[in-house]
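J.: what follows is a predicted protein model with its sequence.
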Amino acid sequence: MNLKLKIWRQAKAESKGRMVTYSITDVSPDMSFLEMMDMHNEQLIQKGEDPVAFDHDCREGICGMCSMFINGEAHGPDRLVTTCQLHMRKFKDGDTIIIEPFRANAFPIIKDLVVDRSAFDRIQQAGGFVSVNTSGNTQDANSIPIDKHDADKAFDAATCIGCGACVASCKNASAMLFVSAKVSQYSLLPQGKVEATDRVLNMVKQMDEEGFGNCTNTGACEVECPKGISLENVARMNREYMIASLKG
Ligand code: SF4
Ligand code: FES
């Protein structure tokens with residue numbers, strides 16, 4: 001396939017960015033999107049040009065690094081996949097592909113398609129953990145009975161990979177889907193109940209301090225989330241928050 005790529009280029013955080021148009025030839029439909037980006041970068045390097053900076057790590061849908069807006073959608077046109085799991089067979093010969101970084105005030109651009117998502121780390125550090133001593137004192141998992149329904153819901157919430165597609169897709173740049181997944185994965189389990197009050201209050205406080213917008217129940221986050229995280233988690237977090245605020 002021969003394609004036209006329109007890619008956001010920005011040398012550093014303070015520089016003014018712009019869309020630059022490139023042509024790429026001989027793209028195999030069996031390539032992953034990132035392999036196509038690698039091929040494009042090799043061509044740029046051979047011409048003595050600066051390669052396009054983009055984030056990636058696992059390349060198997062686990063780490064959440066490959067954040068790109070492709071043709072106006074976080075992680076591109078496929079559903080329930082990350083950019084690294086997207087394949088070129090989703091495009092056709094002669095297509096123009098528009099590639100931009102995830103855009104949100106709380107995710108400042110570092111270079112080209114790379115954004116700073118450390119705001120998510122700080123939200124996690126504010127409460128996304130359980131303070132259990134696991135050094136030799138771990139209880140056998142089977143000794144704590146957990147309702148199957150709750151275990152499944154907690155597992156579903158725990159599949160959030162922290163990619164930020166929910167923020168980038170939201171007109172308010174809200175991080176509610178991400179934060180609610182992290183709150184839910186603990187609030188549904190007995191191990192998470194001990195710190196539940198502090199967790200939800202501290203994580204929501206940090207989310208607000210980082211400058212994410214509020215949720216207006218539009219639902220774009222749920223549609224674009226590569227892990228299918230449900231809006232049900234946002235409702236659960238709102239309930240948890242209300243109860244915690246009344247206690248506090
Ligand atoms: S909720 Fe979905 S879109 Fe948001 S960070 Fe988690 S996996 Fe990514
Ligand atoms: S590179 Fe890890 S999820 Fe895409």
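T.: Received it, and whenever you're ready, just let me know what you need. Numbers count the residues shown, from 1 in each chain. Ligands and ions are numbered 1, 2, ... in the order given.

J.: how much space between residue 24 and ligand 1?
T.: 28 Å (Cβ to the nearest ligand atom, to the nearest Å). The way it works is simple: take the backbone N, C-alpha and C, and place the C-beta from them, glycine included.

J.: please read the previous query as pertaining to residue 213.
T.: Residue 213 is 14 Å from ligand 1, by Cβ to the nearest ligand atom.

J.: pLDDT wise, what is the spatially most central residue of the chain at?
T.: Central residue of the chain (Cα atoms, centre = their mean): residue 163, 1.6 Å from the mean position. Looking at residue 163, its pLDDT stands at 98.

J.: list phi and psi for the nearest residue to it once chain neighbours are set aside.
T.: In space, and not counting its chain neighbours, residue 163 is closest to residue 64: 3.6 Å by Cβ to Cβ, 6 or more residues apart in numbering. Dihedral pair for residue 64: phi 80, psi 10, per degrees, to the nearest 10.

J.: check which helices and strands the longest helix along the chain sits against.
T.: For the chain, the longest helix by residue count, based on DSSP state H, is helix 232-247. With contacts taken as 3 or more Cβ pairs under 8 Å, 6 or more residues apart in numbering; DSSP states H and E, helix 232-247 sits against helix 176-187, helix 196-209.

J.: one step back: assumed the residue nearest to the centre of the chain was part of a helix.
T.: No - Residue 163 is assigned coil when assessed by DSSP: H, G, I helix; E, B strand; the rest coil, not a helix.

J.: need the contact list for it.
T.: Applying Cβ atoms under 8 Å, 6 or more residues apart in numbering to residue 163 gives the contacts 64-67, 74-75, 82, 226.

J.: for these, which one is nearest residue 240?
T.: residue 64 (23.5 Å; Cβ to Cβ).

J.: does that closest one touch residue 159 like I think?
T.: No - checked against Cβ atoms under 8 Å, the pair residue 64 and residue 159 is beyond contact range at 10.7 Å.

J.: these two - which one has more neighbours?
T.: Using other Cβ atoms under 10 Å as the criterion, residue 64 and residue 159 rank with residue 64 on top: 22 against 14.

J.: picking up where we left off before, nearest to ligand 2, of the helices and strands packed on helix 232-247?
T.: helix 176-187 (14.6 Å; Cβ to the nearest ligand atom).

J.: tell me which helix or strand in this structure has the weakest average pLDDT.
T.: When the helices and strands of the chain are scored by mean pLDDT, DSSP states H and E, helix 190-193 comes last with a mean of 91.

J.: name the helices or strands packed onto it?
T.: When contacts are defined as 3+ Cβ pairs under 8 Å, 6+ apart, helix 190-193 packs onto helix 176-187.
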